[in-house]
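Undergrad: everything below, folded, please.
(2 chains)
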Amino acid sequence: MKISQQEVENIAHLARLEIDDRSKASLCEQLSGILDYMDKLAHVDVTGVKPASGAAFMQNVLREDKIFPSPGPAVTLANAPQKDADYYLVPRVVK
Amino acid sequence: MELHTLTLAGARRLLDEKKISSRELTRALLDRIAAHDDTINSFLLKDGADAMARADAADRQIAAGNQTMFTGIPMALKDLLCTRGMRTTCGSKILDNFVPGYDATVVSKLKQAHGVILGKTNMDEFAMGSSTENSAYFPTKNPWHLDYVPGGSSGGSAAAVAAQFCCAALGTDTGGSIRQPASHCGVVGLKPTYGRVSRFGLVCYASSLDQIGPIARTVEDAALVLNLIAGHDPMDSTCVSREVPDFTAGLAAFEKHGLKGMTVGVPKEYLGMEGVDPDVLAVFETAIKVLTELGANIKEVSLPHAEYVVAAYYIIAPCEASSNLARFDGVKYGFRADQADDLIDMYKQTRSRGFGPEVQRRIIIGTYALSAGYYDAYYGKASQVRALIMEDFSRAFEDCDILLSPVAPTPAFRIGEKVDDPLTMYLTDIFTLSANMAGVPGISVPGGFSAKGLPIGIQMMAARFDELSLVRAGYGMEKSLGLHQQFPAL
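TA: All right, here's what the predicted structure looks like:
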């Protein structure tokens, strides 16, 4: 297996996902199959090739540091699952 | 007159001649959707009241002589595009209750033109999929054959156009998600050059690959939509500041010169590919004949890295997705799992319950490929292969105006047929992924039908910013084959 269940658990934790025990084995198998397929790329000679990000033909964009109006908290917090005045409420961050 | 049979261009003419009103046209389409969409399920959200209000506002503009191309034209929008005040789910439960506070730039352009929005269309969750079966809500059916998928991820938009529920639709394309469903549904789909259309308000899947584009009944209609949505936008730093031509000039170029002077490249790696359905090959051969008859010079070319594009894409896209989808954490918007012990627990429960299996799979692949110790071997390597693919295309376009290929190895498959093995599904993207990886534009036009009566499209790609060549050649193909007149009976 290209990727072990332990590795899947570690990666899931990094990605803030929780894989339930029923799915772990099949997910592990699927991911291993996919990663096995990626081994194809080992056959490509990439000596001296600069990685492309897709924005290869683009220039960075700058603008004047001018202030534009923002929508404001009423709009920005409209979708908040829980809020208190202008703050988002979340469960405790540090135990 | 059957108003639902009007193309966008045709509707514009009749609206301007005051032979029909936007109210009548919108009403006719809403009625058709009400009569048939329960079977097809192309829409996630329909807002008839809003649509009629916009239609009336459009009619007032037309009466005052202030209309532009899209005034009063009813459109369907993929639910990945933010629409102010109108629920936007991205096909996901994690955004089930999300109402954007702003419009995507392309949506603003449509609204400024007094266009009509019929609703938001179904899609694979966060644009991850090739069949629309990954929608958290329900699958969309192919209007040509209800047991079959419409393709994806813009399956809802493609089905809506094929079912004549709208004048045209907007889809998005990261690995083929406009072109492939357009092919499976027998309509036209165009992915613009990367940077041609603003991505502001498009919920990101893979930021270096995503583009918004038209799904329409004809090449002319697609060109008209592209005219509307293309152009520089200061809100999207990847949107280039480059003059937007009138893309319908491609039609005039065809009428005047046919395809004389154009060179069409046929990549030899695509010809030799395994697993391509004989019906698809037959349509491809027909396309070569048609292009030759229209005056094009056909040439064999090579894309030496064609066989590596699936592996490279399915590393790069999930990597970018793992980063882009980190924002869905239940803090500021969308679904939030209650009863969490602490913040991290809330993140995990929210995301695990809010995201579907394919999304979670791709996030995990992406996180793995970007993690310490694996970054160079996976993401680094894939990015180098991407550079080589870009070079392949630059070289090919030195000698050719157009590259020709099938859109998908097979026609649409049955709903449920490919859900068990993700890799099998990924491999079906073999012909469409390269255009996104190289940033070049691509169009799918109807090319024929399979023995079972399922549509099969033809793909053409052009050099960056040369959508005009796609319009010219696409229009020529369309005129010769006459398939743009054909729609499924519902």
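
Undergrad: check contacts around the closest residue to chain B within chain A.
TA: Closest to chain B within chain A is residue A:54: 2.8 Å, counting by CB to the nearest CB. C-beta: built from backbone N, CA, C; applies to glycine. Counting by CB atoms under 8 Å, 6 or more residues apart in numbering or on different chains, residue A:54 makes contact with B:194, B:207, B:208, B:209, B:316, B:386, B:437, B:439.

Undergrad: and residue B:353, by the same measure?
TA: Counting by CB under 8 Å, 6+ apart, residue B:353 makes contact with B:93, B:335, B:337.

Undergrad: closest to residue A:16 among those?
TA: residue B:337 (11.5 Å; CB to CB).

Undergrad: around that closest one, how many other residues sit close by?
TA: By other CB atoms under 10 Å in any protein chain shown, 18 other residues sit near residue B:337.

Undergrad: contacts only, for it.
TA: Counting by CB under 8 Å, 6+ apart, residue B:337 has contacts B:330, B:346, B:349, B:350, B:353, B:354.

Undergrad: excluding its backbone neighbours, what's nearest the residue nearest the centre of chain A?
TA: Centroid-nearest residue in chain A: residue A:15, 6.7 Å away (criterion: CA atoms, centre = their mean). Nearest residue to residue A:15, sequence neighbours excluded (CB to CB, 6 or more residues apart in numbering or on different chains): residue B:367, at 4.4 Å.

Undergrad: got a pLDDT number for the one you found?
TA: Confidence at residue B:367, expressed as pLDDT, is 97.

Undergrad: now do the strands in the stretch 151-300 of chain B.
TA: Taking DSSP state E, counting those that start in this stretch, the strands of the stretch 151-300 of chain B run over residues B:168-173, B:188-191, B:211-216, B:263-267, B:297-301.

Undergrad: now do the fourth one against strand B:297-301, angle only.
TA: Following axes from the mean of the first three to the mean of the last three CA atoms, to 10 degrees, one obtains 30 degrees for the angle between strand B:263-267 and strand B:297-301.

Undergrad: just how off-centre is strand B:263-267 within its chain?
TA: 23 Å (CA atoms, centre = their mean, to the nearest Å).

Undergrad: what pairs with it, parallel or antiparallel?
TA: Take DSSP bridges as the rule and strand B:263-267 pairs in its sheet with strand B:297-301 (parallel), strand B:402-406 (parallel).

Undergrad: could you do the shortest one as well?
TA: Sheet pairing here is set by DSSP bridges, and for strand B:188-191 it gives strand B:211-216 (antiparallel), strand B:442-449 (antiparallel).

Undergrad: returning to that earlier point: secondary structure for the contacts of residue B:353 - can I get that in JSON lines?
TA: Formatted as JSON lines, the contacts of residue B:353 follow (DSSP: H, G, I helix; E, B strand; the rest coil):
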{"residue": "B:93", "secondary structure": "helix"}
{"residue": "B:335", "secondary structure": "coil"}
{"residue": "B:337", "secondary structure": "coil"}
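
Undergrad: how about the residues you listed in a markdown table, adding pLDDT?
TA: Output for the contacts of residue B:353, formatted as a markdown table (pLDDT from 0 to 100):
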| residue | pLDDT |
| --- | --- |
| B:93 | 98 |
| B:335 | 98 |
| B:337 | 96 |
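
Undergrad: ok, so of those residues, who is nearest chain A?
TA: Nearest member of the contacts of residue B:353 to chain A, counting by CB to the nearest CB, is residue B:335, at 7.8 Å.

Undergrad: grab the most central residue of chain B for me.
TA: Geometric middle of chain B (CA atoms, centre = their mean) lands on residue B:178, at 2.0 Å.

Undergrad: hang on, it packs against residue B:189?
TA: Yes. Residue B:178 lies in contact with residue B:189 (CB atoms under 8 Å); the separation is 4.2 Å.

Undergrad: could you find the closest non-adjacent residue to the closest residue to chain A within chain B?
TA: In chain B, the residue that lies nearest chain A is residue B:208 (2.8 Å; CB to the nearest CB). Excluding the flanking residues, the one nearest residue B:208 by CB to CB, 6+ apart is residue A:54, at 2.8 Å.

Undergrad: any idea which element that neighbour lies in?
TA: Using DSSP states H and E, residue A:54 falls within no helix or strand.

Undergrad: any idea of the pLDDT on it?
TA: 72.

Undergrad: so it versus residue B:2, what's the distance?
TA: 44 Å (CB to CB, to the nearest Å).

Undergrad: go on, residue A:41?
TA: Taken as CB to CB, the span from residue A:41 to residue B:2 is 52 Å.

Undergrad: please identify which of the two sits among more neighbours.
TA: residue A:41 (19 against 8).

Undergrad: looks to me like the more buried one is in a helix.
TA: Yes. According to three-state DSSP, residue A:41 belongs to a helix.

Undergrad: in chain A, which spans are helices?
TA: Applying DSSP state H to chain A gives helices spanning A:5-14, A:21-38, A:73-76.

Undergrad: same question for the longest one, mean pLDDT?
TA: The average pLDDT for helix A:21-38 rounds to 92.

Undergrad: quick check, that helix touching chain B?
TA: Yes. Using CB under 8 Å from any CB of the partner chain, helix A:21-38 reaches chain B at A:23, A:27, A:30, A:31, A:33, A:34, A:35, A:37, A:38.

Undergrad: quick one: low-confidence parts of chain B?
TA: Within chain B, no range satisfies pLDDT under 70.
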